[in-house]
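Student: from the sequence below, what's the structure:
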Amino acid sequence: MNEQDSGASYEFSTEQNSVFSSLASAMKVVGIVSCILGALSLLPILANPGIIFINGPQAIILLVVGVWTTRASNSIKAIVDTQGNDIQHLMDAMSGLSKLYRLQRALMILCLVLFVLLGLFLVTVGGAFLSQISQVAN
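Tutor: Numbers count the residues shown, from 1 in each chain. Below is the predicted model:
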C-alpha cells in the first residue's frame with residue numbers, strides 16, 4: 001500500500017476543518033467539565049469516607065470520560081492544526097470515542113440489569129409485605 005492509498009497525506013478542506021475545529025472545541029469543554037465534576041465528586045469522600053461506594057464510582061467514571069473526551073478532542077484539533085496526517089488524527093479520535101462509547105454501553109447495560117433486579121426484588125418483597133398486611137387486617 002502506498003502513501004496515497006493509506007490516506008497519510010490527505011488534507012481536509014477549510015470548510016471541513018472549520019467543522020472539526022468547532023467539534024474539538026466543544027469536546028474539550030465537555031471533557032474538562034467532566035474532569036472537574038469528577039474531582040468535585042471526590043471531595044465529599046474526604047468528609048465522609050463511608051460514601052466512597054456512592055461517590056467513588058461516579059467520580060471515576062466522570063474522570064475517565066473526561067480524559068478520554070479531552071484526548072479525542074486533541075486528536076480532532078490536530079486535524080486542523082497539522083498538515084499531512086489528517087486521516088491518522090481522525091482515526092486516533094475515533095479510537096478514543098470508541099472506548100468512550102463502549103464504556104457508556106457497558107454502564108447502560110449494567111444499570112438496566114440492576115434496575116430489573118431491583119424491580120424483581122421490590123415485587124417479591126412488596127408482595128410478601130402486602131400478604132402480611134392482608135393477614136393482619138383479617
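Student: contacts and neighbour counts: CA atoms only from here.
Tutor: Will do.
Student: ok, the nearest residue to residue 61 once chain neighbours are set aside - contacts?
Tutor: Spatial nearest neighbour of residue 61, excluding adjacent residues (Cα to Cα, 6 or more residues apart in numbering): residue 38 at 7.5 Å. By Cα atoms under 8 Å, 6 or more residues apart in numbering, the residues touching residue 38 are 58-63.
Student: next one: residue 31
Tutor: 65-70.
Student: take the residues you listed and keep only those in helices.
Tutor: 65-70 (DSSP state H).
Student: now do the residue most central in space within the chain against residue 85, distance only.
Tutor: By Cα atoms, centre = their mean, the chain has its centre lying nearest to residue 65, at 4.0 Å. Relative to residue 85, residue 65 is positioned 26 Å away (criterion: Cα to Cα, to the nearest Å).
Student: quick one: name whatever helix or strand follows the lowest-mean-pLDDT helix or strand in the chain.
Tutor: When the helices and strands of the chain are scored by mean pLDDT, DSSP states H and E, helix 3-6 comes last with a mean of 49. For helix 3-6, the following helix or strand on the C-terminal side (DSSP states H and E) is helix 14-47.
Student: flag every buried residue along that next one.
Tutor: 17, 20-21, 24-25, 27-28, 30-35, 37-38, 41-42, 45 (16 or more other Cα atoms under 10 Å).
Student: how about stretch 92-102?
Tutor: Applying 16+ other Cα under 10 Å to stretch 92-102 flags 92-93, 96-97, 100 as buried.
Student: element containing residue 62?
Tutor: Secondary structure (DSSP H and E) places residue 62 in helix 52-81.
Student: quick one: mean pLDDT for that helix?
Tutor: In this model, helix 52-81 has a mean pLDDT of 95.
Student: again with stretch 23-43
Tutor: 97.
Student: now do that stretch: distance to the chain's middle.
Tutor: Chain-centre distance of stretch 23-43: 11 Å, with Cα atoms, centre = their mean, to the nearest Å.
Student: so which elements touch the strand or helix carrying residue 127?
Tutor: Assigned by DSSP H and E, residue 127 falls within helix 86-137. Applying 3 or more Cα pairs under 8 Å, 6 or more residues apart in numbering; DSSP states H and E, one finds that helix 86-137 makes contact with helix 52-81.
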